[in-house]
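1. Whatever this is, show me its structure:
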Amino acid sequence: QVQLVESGGGLVQAGGSLRLSCAASGIISSINAMGWYRQAPGKQRELVARITGGGNTNYADSVKGRFTISRDNAKNTVYLQMDSLKPEDTAVYYCNVRGVSGRIATFDFDSWGQGTQVTVSS
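-> Numbers count the residues shown, from 1 in each chain. Predicted coordinates for the structure are as follows:
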């Protein structure tokens with residue numbers, strides 16, 4: 001079982017910055033992709049940013065140029081640096097990690113964090 005622990009959310013004024021972290025723990029053989037999603041009240045969950053094992057990244061159009069996703073493979077941790085925050089970035093942010101778990105018998109996993117609230121005031 002792979003568990004994710006998120007941190008770094010909070011309240012910030014428009015134009016400010018926050019950095020989210022998500023650490024994966026458990027018996028992890030490999031991680032394929034790590035990403036951040038968000039869900040605002042009354043809206044569907046949407047992809048914010050994603051990074052593959054090879055380091056390729058993709059971003060939602062609404063955050064390009066403002067958000068940066070990165071990962072530390074040694075720590076099984078993914079980060080989301082959020083700059084120039086806007087009120088419309090207000091949402092619960094969820095970490096997602098996909099990979100392979102186990103040592104002898106392995107299986108694919110697709111784990112989600114508990115979510116962290118980001119609130120941007122105008």
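2. C-alpha from now on. contacts and neighbour counts both.
-> Noted.
3. how near is the nearest residue to Ser121 once chain neighbours are set aside to Val118?
-> Distance criterion CA to CA, 6 or more residues apart in numbering; nearest residue to Ser121, sequence neighbours excluded, is Gln13 at 4.8 Å. The gap separating Gln13 from Val118 is 11 Å, by CA to CA, to the nearest Å.
4. try Ser30
-> From Ser30 to Val118 the distance is 29 Å (CA to CA).
5. quick one, which of those two is more surrounded?
-> Of the pair Ser30 and Val118, Val118 is the one with more neighbours under other CA atoms under 10 Å, namely 22 against 15.
6. about what we covered before: burial of the residue nearest to Ser121, as a residue count?
-> Using other CA under 10 Å, Gln13 has 14 neighbouring residues.
7. residue contacts, it?
-> Taking CA atoms under 8 Å, 6 or more residues apart in numbering, we find Gln13 in contact with Leu85, Val120, Ser121, Ser122.
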